[in-house]
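In: kindly generate the corresponding structure for this input.
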Amino acid sequence: MSGSSQKSAAEVRRLLTSRNIERVVVLGANGTMGFGSAALFTQAVPHVTFLARSRAKAEEGLAAAIKQVRSPTVASRSDVGDYDNDLDAAVSQADIVFEALTEDFDIKKAMFDRVEATRRDDSIIATVTSGLSINGLCDGRGDSFRKNFLGLHFFNPPNVITGTELIANRDTDAGVLDFIEAFARLRLGREMIRTHDTPAFAGNRVGFKVLNESAQLAEQLGPVLVDKIVGPYTGRALTPLATIDLVGWDIHRAIVDNVYEKTSDEAHETNKLPTYMAKLMEQGVLGDKTGSGFFKRDGKTRLALDIASGNYKPASDIVLPDMAYVGEVASLYAQGRYEEGMRIFLAAEGDEASLARKVIGGYISYAFHRVGEVTDDIGGIDRIMGMGFNWAPPSVLVDVMGAPAACKMIDGAGLPVPPALETAARTGEPRRFFQHPSINTGRFFVAG
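Out: As a prediction, the model looks like this:
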């Protein structure tokens with residue numbers, strides 16, 4: 001039940017007529033995911049209620065939503081309230097209750113106690129958790145709650161990033177899943193991927209493995225060099241450590257700690273949070289939200305963290321080794337010559353190029369080995385990495401490299417070669433792994 005249900009446009013339109021969504025309540029609407037999701041819902045339904053701990057916090061969320069999307073429908077279709085005075089009435093009228101509280105299991109469970117006591121039997125309850133167990137969050141609930149409960153994992157900011165994971169619990173009604181997928185596709189403009197209820201689901205399971213591996217490497221190499229080695233030329237719009245700063249170190253920690261605790265796979269140690277990050281977090285370092293992380297700004301000057309001392313120095317002052325191949329690859333990408341650029345990358349000499357191939361080979365290997373565990377097929381992982389993380393999907397990288405070259409890179413890095421790639425390298429089939437009718441793969445090859 002992953003990847004996508006692949007229903008026709010006519011079937012999707014028919015599904016939309018099975019329910020009428022007039023009112024959506026967003027819990028935790030003052031947070032970035034809360035107000036971003038609430039703003040998205042205002043584009044599709046006539047009435048959205050922003051709820052938070054206080055009315056003032058909810059009003060802050062509404063103001064942030066208006067600023068984020070600059071659409072008059074946000075204000076005209078929204079109202080605000082707080083949990084103590086307004087939750088019961090709002091939830092009792094809601095067609096969808098969308099929970100976007102902090103990533104804390106107990107806090108979410110306590111809120112669902114209140115929701116279950118006041119919701120209509122036919123209302124849909126969705127959580128935007130980035131990786132907590134959907135089954136665990138509805139354990140002990142009544143039949144109606146469980147049948148209508150699911151994970152709807154938007155990526156931040158949802159008005160920009162369309163990739164969305166849909167996660168059922170063991171009792172979610174199939175009709176509810178089909179409806180939400182149709183509603184999210186047509187009304188919210190989502191690229192929907194059904195994933196299994198495993199820690200961090202699909203996108204964060206694969207993506208944060210790469211992000212945390214980069215954070216581990218930064219202790220020896222420094223943030224500037226790591227973000228150069230695993231830079232845009234490797235198929236990402238934003239470098240890995242800059243991504244962790246944007247996401248927030250606390251969110252990063254919640255995701256990798258959850259995966260490290262609850263899984264044991266071939267890359268288990270790459271999900272162990274670096275000790276230096278934990279120590280800096282105790283001092284209030286959380287990334288962009290606190291003004292400092294791996295990087296920070298002093299006016300127009302970008303500063304980089306010196307991990308050993310905890311101090312910052314101008315990033316431009318840090319001397320990097322010669323990595324001329326990066327410019328060659330980027331130049332070829334700018335001309336649309338992706339296969340040639342990838343050949344330069346695969347043949348580049350030096351420790352930095354070897355390390356880059358190990359990280360990218362690990363990304364491909366780890367993703368293909370998660371098939372059957374986090375999604376039914378590689379297509380689901382591909383689409384969430386492409387449309388959720390804005391990274392080149394693993395299959396796209398394989399297609400551009402060629403399966404034999406991809407296998408050689410992965411094996412050369414001492415990593416397990418996925419059986420599907422071994423077969424493709426030996427037989428030539430499939431000729432291409434990535435299949436999508438509307439995603440232009442050139443968007444993932446950044447010339448910089």
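In: could you use CA atoms for every contact and neighbour count after this?
Out: OK.
In: does anything pack onto the lowest-mean-pLDDT helix or strand in the chain? Which helices or strands?
Out: Least confident helix or strand, the chain: helix 9-16 with a mean of 79, by mean pLDDT, DSSP states H and E. If you count contacts as 3 or more C-alpha pairs under 8 Å, 6 or more residues apart in numbering; DSSP states H and E, helix 9-16 packs onto helix 174-186.
In: list the buried residues in the helix it packs on.
Out: Under the neighbour-count criterion of 16 or more other C-alpha atoms under 10 Å, helix 174-186 has 176, 177, 178, 179, 180, 181, 182, 183, 184, 185, 186 buried.
In: and residue 170, its phi and psi?
Out: The phi/psi pair for residue 170 (degrees, to the nearest 10) reads phi -60, psi -20.
In: hmm, it is touching residue 137, no?
Out: No. Residue 170 lies out of contact with residue 137 (C-alpha atoms under 8 Å); the separation is 11.6 Å.
In: which of those two has more neighbours?
Out: Legend: neighbour count by other C-alpha atoms under 10 Å for residue 170 and residue 137, higher for residue 137 (22 against 14).
In: which SSE is the residue nearest to that one when sequence neighbours are not counted in?
Out: Using C-alpha to C-alpha, 6 or more residues apart in numbering and skipping the chain neighbours, the partner closest in space to residue 137 is residue 109 (6.1 Å). Residue 109 belongs to helix 105-118 when assigned by DSSP states H and E.
In: which parts of the helix or strand hosting residue 362 are buried?
Out: Here residue 362, judged by DSSP H and E, is contained in helix 351-369. For helix 351-369, burial by neighbour count (16+ other C-alpha under 10 Å) applies to 352-369.
In: contacts for that helix?
Out: By C-alpha atoms under 8 Å, 6 or more residues apart in numbering, the residues outside helix 351-369 that reach it are 206, 210, 213, 229-230, 234, 267, 323, 345-346, 348, 378, 381, 394-395, 397-398, 406, 409-410, 413, 415-418, 420.
In: quick one on the thing from earlier: mind listing residues that contact the helix or strand following the least confident helix or strand of the chain?
Out: Counting by DSSP H and E, the next helix or strand C-terminal to helix 9-16 is strand 23-27. Contacting residues not belonging to strand 23-27 are listed as 34, 37-38, 41, 45-52, 90-91, 93-101 [C-alpha under 8 Å, 6+ apart].
In: wait, doesn't residue 224 sit right on residue 316?
Out: No. Judged on C-alpha under 8 Å, residue 224 makes no contact with residue 316 at a distance of 9.1 Å.
In: what helix or strand is the spatially closest residue to residue 30 that is not a sequence neighbour on?
Out: Counting by C-alpha to C-alpha, 6+ apart, residue 61 is the residue found nearest to residue 30 once chain neighbours are left out, at 4.0 Å. Per DSSP H and E: residue 61 is located in helix 55-69.
In: picking up where we left off before, quick one: buried residues of the least confident helix or strand of the chain?
Out: Neighbour-count burial for helix 9-16, counted by 16+ other C-alpha under 10 Å, picks out 12, 15, 16.
In: one more: stretch 431-446?
Out: Across stretch 431-446, burial judged by 16+ other C-alpha under 10 Å covers 433, 434, 441, 444, 445, 446.
In: then stretch 93-113?
Out: Those would be 93, 94, 95, 96, 97, 98, 99, 100, 101, 103, 108, 112, for stretch 93-113 by 16+ other C-alpha under 10 Å.
In: distance between the ends of that stretch?
Out: End-to-end span of stretch 93-113 (C-alpha to C-alpha, to the nearest Å): 17 Å.
In: which one of residue 224 and residue 316 has more residues nearby?
Out: Neighbour count, other C-alpha under 10 Å: between residue 224 and residue 316, residue 224 has more, with 23 against 12.
In: run through the residues that contact the more buried one.
Out: 304, 315, 318.
In: over to residue 166. Which of the three states is it?
Out: Recorded secondary structure, residue 166: strand (DSSP: H, G, I helix; E, B strand; the rest coil).
In: what two of the buried residues of stretch 93-113 are the furthest from one another?
Out: Spatial extent of the buried residues of stretch 93-113 (C-alpha to C-alpha) is set by the pair 93 and 103 at 25.7 Å.
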